[in-house]
Every structure is written in structure tokens, then in C-alpha cells.
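Student: I would like the atomic coordinates for the input below:
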Amino acid sequence: MKKFDLNIEKVLEHWTVPHALREIIANALDESNLSGTEEPIIFKDEEGKWHIKDFGRGLKYEHLTQNENIEKTQNPNKVIGKFGVGLKDALATFDRRKIEIIIQSKFSDITIKKLPKGDFDDVVTLHAIVNEPSIPNAIGTDFIFMGLEDDDIEKAKDFFLLYSGEKVIEETKYGSLIENKEKPARIYVNGICVAEEDNWLFSYNITSMTKKLLQSLNRERTNVGRSAYSDRVKSILLECSSPVSAGKLVDDLQRIQTGNAHDELQWVDVQLHACKILNSQEKVMFLTAYDLMDGGKYLSYAKDEGMRIVTIPDNLATKLQSNKDLNGNTFRNLETYAVEWNENFEFQIVDVKNLSKKEKEIFAYKDTIVGWFPNKKGVLKSIVISETMRPDNYSGGDALGLWDESNKRILIKRSQLSSIQAFAGTLIHELVHAFTGTDDNTIEFEIELTEMLGKLSHLLLDNVKNKSGFRKLLRI
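Tutor: Residues are numbered from 1 along each chain as shown. Now for the predicted structure:
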């Protein structure tokens, strides 16, 4: 038999039995990863004793003299703990909580006991008692506990992703994105929970450490601050590309307007990445709140095409203009969709012979109306009627008329043939565009239109001989 002082300088008084069990489970999982052996098992035997058993290389008593295990510190992305420190803290907690323990491996059987420290009989400290192995051919290490409650084991297992039952959505080189069904979300480091977040969309398992995160993993491995892991969480999100992760991010993105979005969506880089994934996988149009109000018929057309409409903040909309999705495509907004739609739009031109008698009579006035304008050859080639029209960029509804400069023609919507007043008003409007080259909602157009109305009024006043005839013409 051998015995030696564990030299535990400061006992973690607030540690519970589940905290201590967490260290034993963590060390078992680490050994499994480092040795490439099968997953540890946790079970209760026929005598009611709980076991945490790994199938690694076996624990030696020398491990209890280490503060840090060199193998573990050299492989921070493979393991949870550093061994030594956490193990001794756990043994001290078991002693304080009256839990008996035996550690069995092919090298020895180890128990713990309080004994006088060296020659100082009045100073009692915790010692490891090392005996010859009771199972010399044992595989791995078996921690055997007497006095444990079943609930202690369940609470200890709850620290670990492996036993949580949580679903991994996507794996990245920095860690895993995990579905968060119940609040709060959890932050795992190599599979062990180090923090919780009340307003996060996902849980995360970080497997690629930063120096800052390693330094923040304190002796207790709890309540690690957000600043220590936020960079790695963002890196995980920016590496994700699955439809599931993008869908959840985009759904949450649309809650920003109401202030109900989760905290990850406060990162503009994450907002942008979610849009990149979605745009690569679906037919989608990104609109600001203003676009939604101003979208008019284009919005209806997009919905009719089965296009997904996603509402985004103004600052993100600006970023989308200078970025491309994962396939190298640009993002569709209201303006680009309108251009696409108009480029693909085809007018349904109506043959004059297919007009009704009344429509033909009204349409026949076109030459008279054109005659009111200056005689400029080559300005206007034709005036046609169409069943369909492009949306008006100002009203949102279908345009009533259109000056098609490239083809030097005027198109009038068929519904305007319902009356001479509707037809003439629309045709005159478009003729002003044709003969002056000015655009709607410009001072130049307003001046030209006003001048033309003055000329037409003069013409009408000269030709209408009596008041009743004038009133009849204007229908007042």
C-alpha cells in the first residue's frame, strides 16, 4: 500500500456532487478521444453502486500528482479538461459530500482518506491510498461510487452534449450548430456546457479554441463570459450553409423590425450570410419596410410567382447591393425585380378588328388628337391597344398608357376605350412624352403638359359656339 497527500490547497465549497461527477465523466470522454477507444459507459450495478468506466489506457496514481496533463494541454481541441486539477477537486468534493469512491485500473486500486499531513498530527489532509490492482488485466479505468443518488448522475450527464438529446443541425470546422428547443440556449466547449444564453436562437458546441476562450475556461468551467466565445459562435454561423440553419436565421431576421429577434441576429455579418444562403437555394426578394408599402403590383406579381418575400433592415439592404450569394448571384430587391419583370413582359396587342363597335369609334379619334400636336416626321409611328400593361412606377397599379420610345409607338390599355374622355386624356399625356422627350414627375414635363392644355383649351373655345355645347363636351 502507498499513500500520498493530494495537496489540495483550496476546496471549491460550492461544488455539488454533480459538479464532481462532471469532472469524472469529462476525463473519461477525454481518454476515449485521446486513445481512440470506445465511448465510456455509465451504469448502476446489482449492488446499487454507480460506475463511470472508460476503455482507455488506465489511470496511474502519478496522474493525481499533476496539475495539468501535458498530453491534454497539447490537444486542446480534442479534450474537455486538463486532468489533475479537476480530478482532485472532484475527489475533495466526494469526500466532503460523504461519497465513497474506488478507482480501479490495471495499475492499481485507489481510494481516498483523510490522514495527518506528514509529521504534523494535528493537520489532517486528503490522501490517495494506492493498493495493488484487484483486476490486473482490467481495460481502462472504472470509477465506482457508493452513496450516490440517481439524480446526481442525471444532473451530471446534463452538463454534456453527448447525453443532452439535443440535435446537431450542422457541423463546421469551428464547431456544431445545435437546435435549441428549450430556453436557455447552451454554449458547449468540446461537448461540455460552459455557459447559457437566454436570448440565443441556437445552441453551439465549440471545438476549435481561441486563445481567449482557453484562458476563460476557469477551474470551475462555468459562467464563462460571452466575450470569450462570441467570436467562435459567429465563425460557426458564417460557416453554415444548410437550408435549415438559413431558414431559421431568416425567419428570425424578420423579427428585427419588431424588436423580437434573437441576439445572434444583431450581427450584420450573420444577417448577410443568412441572406446569401437563402438566395442560393430559393427564389426570394429582399425588401425593406418601405418597399413593402411601396411595392404595388410588383409585390403581387412576385407573390403570384411563388417568390419568397423577406423583410430586412435598411442597413442590410444597403449591404446586399454590393454583395453576392454563395453561387455568385446578385440579390433581388424591388428595383431589380421590376427590371426583370419588365424585361420579360410581353404586351397583348389587340387587333383593331377585334375591338367592339364602341371601342372602334373611340379609337378612331386618335388621328384627330395627334393632329393637335406639331407635325414632326418620324416622332410617332403607331398607336396600339393592349390588354395588359406594365405597372406604373408611381401608382403601383397598371399603367394606363405608355410611350415606347425605342419602337416609337404609344400603347393604350384597352380599358381606356370605355370613353372618349379616358382615351383622349391618356393619349394626350403620352403624346406630350413623345413630342417633348420629357419624363413623368419632372418640371419639364409639367411645363410642356400645361402649355399643351392651354393650346387645346384655345382650340376648343374657338370651335364650341355656345355654352351648352361646351358643357356637353366636357360632360359637366
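Student: Show me what the mean pLDDT comes to for the longest strand seen in the chain.
Tutor: Longest strand in the chain, counting residues (DSSP state E): strand 120-131. Strand 120-131 shows a mean pLDDT of 85.
Student: what packs against that strand?
Tutor: The contact analysis (3 or more C-beta pairs under 8 Å, 6 or more residues apart in numbering; DSSP states H and E) places strand 120-131 against strand 2-5, helix 85-96, strand 109-117. C-beta here means a position set from N, CA and C on the backbone, and glycine is covered the same way.
Student: ok, 10 Å please
Tutor: Packing contacts for strand 120-131, counted by 3 or more C-beta pairs under 10 Å, 6 or more residues apart in numbering; DSSP states H and E, involve strand 2-5, helix 85-96, strand 100-104, strand 109-117.
Student: roughly how far out does the first one sit from the chain middle?
Tutor: This means strand 2-5. Offset of strand 2-5 from its chain centre (C-alpha atoms, centre = their mean, to the nearest Å): 55 Å.
Student: Which parts of the stretch 101-250 of the chain are strands?
Tutor: Taking DSSP state E, counting those that start in this stretch as the criterion, the stretch 101-250 of the chain contains strands spanning 109-117, 120-131, 142-146, 168-171, 175-178, 185-189, 192-197, 203-206.
Student: Kindly reformat the ones you listed as TSV and extend each row with mean neighbour count and distance to S32.
Tutor: Formatted as TSV, the strands of the stretch 101-250 of the chain follow (neighbours: other C-beta atoms under 10 Å; distance: least, C-beta to C-beta, whole Å):
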stretch	mean neighbour count	distance to S32
strand 109-117	16	20
strand 120-131	14	23
strand 142-146	20	14
strand 168-171	16	18
strand 175-178	24	18
strand 185-189	25	17
strand 192-197	20	14
strand 203-206	26	16
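Student: how about CSV for those strands, with distance to E62 added?
Tutor: Below are the strands of the stretch 101-250 of the chain laid out as CSV (distance: least, C-beta to C-beta, whole Å):
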stretch, distance to E62
strand 109-117, 11
strand 120-131, 10
strand 142-146, 17
strand 168-171, 36
strand 175-178, 33
strand 185-189, 27
strand 192-197, 25
strand 203-206, 31
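Student: weakest of the ones you listed by average pLDDT?
Tutor: Among those, strand 120-131 carries the lowest mean pLDDT, a mean of 85.
Student: Quick one: residues in contact with it.
Tutor: Contacts to strand 120-131, defined as C-beta atoms under 10 Å, 6 or more residues apart in numbering, come from residues 1-9, 11, 60-62, 64-65, 88, 91-92, 94-96, 102-104, 107-118.
Student: P391: how many residues sit nearby?
Tutor: Number of residues near P391 (other C-beta atoms under 10 Å) recorded here: 21.
Student: show me the contacts for it.
Tutor: Contacts of P391 (C-beta under 10 Å, 6+ apart): 295-301, 338, 341-342, 345, 397-399.
Student: Let's test this: name the helix or strand in this protein with the lowest mean pLDDT.
Tutor: Of the helices and strands making up the chain, the lowest-confidence element is helix 467-474, at a mean of 47, by mean pLDDT, DSSP states H and E.
Student: Please report the distance of E132 from S227.
Tutor: As judged by C-beta to C-beta, to the nearest Å, E132 and S227 stand 50 Å apart.
Student: can you check I277 too?
Tutor: 27 Å.
Student: Compare these two (neighbour count), which wins?
Tutor: Neighbour count, other C-beta under 10 Å: between I277 and S227, I277 has more, with 20 against 10.
Student: Verify the contact between that one and V310 for me.
Tutor: No - between I277 and V310 there is no contact, the gap being 11.8 Å when judged by C-beta atoms under 10 Å.
Student: Quickly list what's touching both of the two.
Tutor: Common neighbours of I277 and V310, counting by C-beta under 10 Å, 6+ apart, are V250.
Student: Can you get me the start-to-end distance on stretch 193-202?
Tutor: Start-to-end span of stretch 193-202 (C-alpha to C-alpha, to the nearest Å) is 14 Å.
Student: again with stretch 407-424
Tutor: Terminal residues of stretch 407-424 lie 21 Å apart, using C-alpha to C-alpha.
Student: coming back round to it: of the contacts of P391, closest to P136?
Tutor: Nearest to P136 out of those is L299 (C-beta to C-beta; 77.9 Å).
Student: host element of the closest one?
Tutor: Using DSSP states H and E, the element containing L299 is helix 296-304.
Student: most centrally placed residue in this structure?
Tutor: For the chain, the residue sitting closest to the mean C-alpha position, by C-alpha atoms, centre = their mean, is L249 at 2.2 Å.
Student: which residue packs closest to that residue, ignoring adjacent ones?
Tutor: A274 (3.6 Å; C-beta to C-beta, 6 or more residues apart in numbering).
Student: thinking that neighbour is in contact with D252, fair?
Tutor: Yes - between A274 and D252 there is a contact under C-beta under 10 Å: 8.5 Å.
Student: ok, these two, which is more surrounded?
Tutor: Between A274 and D252, counted using other C-beta under 10 Å, A274 has the larger neighbour count: 27 against 19.
Student: what helix or strand does the more buried one sit in?
Tutor: Short version: A274 belongs to helix 268-281, going by DSSP H and E.
Student: CA atoms only: put the helix ranked longest in the chain into PDB for me.
Tutor: Counting residues, the longest helix in the chain under DSSP state H turns out to be helix 443-463. Extracted in PDB, the C-alpha atoms of helix 443-463 (Å, rounded to 0.1, in the frame of the first residue of the first chain):
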ATOM      1  CA  ILE A 443     -40.800  70.100 -64.000                       C
ATOM      2  CA  GLU A 444     -40.100  69.900 -67.700                       C
ATOM      3  CA  PHE A 445     -43.000  67.600 -68.300                       C
ATOM      4  CA  GLU A 446     -45.300  69.700 -66.200                       C
ATOM      5  CA  ILE A 447     -44.400  72.800 -68.200                       C
ATOM      6  CA  GLU A 448     -45.000  71.000 -71.600                       C
ATOM      7  CA  LEU A 449     -48.200  69.500 -70.400                       C
ATOM      8  CA  THR A 450     -49.500  72.800 -69.200                       C
ATOM      9  CA  GLU A 451     -48.600  74.500 -72.400                       C
ATOM     10  CA  MET A 452     -50.400  71.800 -74.400                       C
ATOM     11  CA  LEU A 453     -53.500  72.000 -72.300                       C
ATOM     12  CA  GLY A 454     -53.600  75.800 -72.900                       C
ATOM     13  CA  LYS A 455     -53.400  75.200 -76.700                       C
ATOM     14  CA  LEU A 456     -56.100  72.600 -76.600                       C
ATOM     15  CA  SER A 457     -58.300  74.900 -74.500                       C
ATOM     16  CA  HIS A 458     -57.900  77.700 -77.000                       C
ATOM     17  CA  LEU A 459     -58.700  75.300 -79.800                       C
ATOM     18  CA  LEU A 460     -61.900  74.100 -78.000                       C
ATOM     19  CA  LEU A 461     -63.000  77.600 -77.200                       C
ATOM     20  CA  ASP A 462     -62.700  78.600 -80.800                       C
ATOM     21  CA  ASN A 463     -64.700  75.700 -82.100                       C
END
